[in-house]
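*Asks:* Okay, structure incoming, though there's no sequence with it:
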């Protein structure tokens, strides 16, 4: 599973960015984590969008589309998500083909305070509802007193937090597999509908017998489903 990490902080030495880097090191087998750059994304302006998608936005949309899942690390500013992170989400939520639609997403956050960005994370969950993501419910990762859990080199030293990051990625991988199976099932149903529509006319025309019709329908289902699976 290929995961794209989004940090809601631009600060050098950000605990949230450090948490994503720590997650890279404790990722389970079969999981890779790449961290995206959000700092060069301009403020959302529909007039600007009409002139053509900014290169930084196009890059981020492509990265999200190519990823199997997304991991967002958010600070908490004034009981909510940072403006920079919300701005990036506003850009990528615009049509056509918002890349977060149907994407598995996990959330974490780190702060010097004891609550570990809990209010910002719950606000972010509200935002993701509109984006139609498959948001991981548990385990939740709230890294409170973050200044005591990273050393001067930016390395995560708290073993419990390392375990939480690892467990969250394990759960995200399981969610991704479930979503992938749902996609296959949806592709099968779509193939079934297409085959039914294509073969119904043949039966009504009475040019083929019912056994041949059924055989043709099954072949049609298999053909369409196989194409859908290959493009999934």
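*Replies:* Cool, got the structure. A quick note: this is a predicted structure, and the numbers were derived from the prediction, not measured.

*Asks:* What residue, apart from its backbone neighbours, is nearest residue 64 spatially?
*Replies:* Once flanking residues are discounted, residue 64 sits nearest to residue 99: 3.9 Å by Cβ to Cβ, 6 or more residues apart in numbering. C-beta coordinates here come from the backbone N, C-alpha and C atoms, glycine included.

*Asks:* So what are the sheet partners of the helix or strand harbouring residue 105 and their directions?
*Replies:* Per DSSP states H and E, residue 105 falls inside strand 104-110. When pairing is defined by DSSP bridges, strand 104-110 lines up against strand 69-73 (parallel), strand 134-135 (parallel), strand 141-143 (parallel).

*Asks:* Give me the average confidence score over it.
*Replies:* Per-region confidence: strand 104-110 scores 98 on mean pLDDT.

*Asks:* what sits up against it?
*Replies:* Contact partners of strand 104-110, identified using Cβ atoms under 8 Å, 6 or more residues apart in numbering, comprise 15-16, 18-19, 23, 68-76, 116-118, 120-121, 124-125, 128, 133-136, 140-143, 146, 149, 165, 168-169, 171-172, 175-176, 179.

*Asks:* Filter these down to the buried ones.
*Replies:* 15-16, 18-19, 23, 68-76, 116-118, 120-121, 124, 128, 133-136, 140-143, 146, 149, 165, 168-169, 171-172, 175-176, 179 (16 or more other Cβ atoms under 10 Å).

*Asks:* tally of neighbours for the residue lying closest to residue 70 once chain neighbours are set aside?
*Replies:* Leaving aside its sequence neighbours, residue 70 sits nearest to residue 105 (Cβ to Cβ, 6+ apart; 4.7 Å). A count of neighbours around residue 105, defined by other Cβ atoms under 10 Å, yields 23.
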